[in-house]
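> For reference, the sequence and a predicted model appear below.
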Amino acid sequence: MNYFLAFLFSGGICLIGEQLYEHTKLTPGHIVSLFVVIGASLSFFNLYEPLLNLFGGGASTLIMNFGHLLYQSAKEGINEGNYLHIFTNMLTSTSGIITFSTIISFIFALLRKPKV
């Protein structure tokens, strides 16, 4: 049942993203940014943690989770009392995601020819 719920949630988010891309003039960059902001907003209103508990991996692998992680690490930096920690916490907690995305993008750029 956990796999089914994870699939439904992440598939639903992907469906929304695809519909936004097909039926609006939003670019993929706009849609990704929108989902990051939605994830951070849900985290701000304490709504993302219940999604993680209910949908598990389906909610923790999406781009919305990146926004959630950014918000949570900034919040931890504020709680530590040093505003420099806001940025260092954000970079520390999301560095794995950024590094992985960069490496995968580089590999696919080497393997694929650009469309002209």
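The structure has been received and is ready for your questions.
> okay, CA-based contacts and neighbour counts for the rest of this
OK.
> Flag every buried residue along the helix or strand where Leu8 lies.
Element membership of Leu8, judged by DSSP states H and E, is helix 2-23. When burial is assessed from 16 or more other CA atoms under 10 Å, helix 2-23 yields the following buried residues: 5-7, 9-10, 13, 17, 20.
> can you check stretch 100-116 too?
Along stretch 100-116, no position meets the burial threshold by neighbour count (16+ other CA under 10 Å).
> quick thing: my sequence starts at 267, can you match it?
Done: numbering now begins at 267, and the last item shifts to stretch 366-382.
> Give me the contact list for that stretch.
The contact list for stretch 366-382, computed with CA atoms under 8 Å, 6 or more residues apart in numbering, is empty.
> quick one, what contacts the spatially most central residue of the chain?
For the chain, the residue sitting closest to the mean C-alpha position, by CA atoms, centre = their mean, is Ile329 at 2.2 Å. Residues touching Ile329, when contacts are defined by CA under 8 Å, 6+ apart, comprise 298, 301-302, 305.
> circling back to that earlier point, what's the first helix or strand after the helix holding Leu274?
As the chain continues past helix 268-289, the following element, by DSSP H and E, is helix 294-310.
> Please name the residues that touch Ala272.
With contact set as CA under 8 Å, 6+ apart, Ala272 has these partners: 321-325.
> Could you list the low-pLDDT ranges of the protein?
Within the chain, the stretches with pLDDT under 70 are 382.
> try 80
Within the chain, the set of residues satisfying pLDDT under 80 comprises 267, 347-349, 351, 359, 363, 379-382.
> In the protein, spot the helix with the most residues.
Scanning the chain for the helix with the most residues, using DSSP state H, yields helix 350-377.
> For it, what is the distance to the chain centroid?
Helix 350-377 has its C-alpha centroid displaced from the chain centroid by 12 Å (CA atoms, centre = their mean, to the nearest Å).
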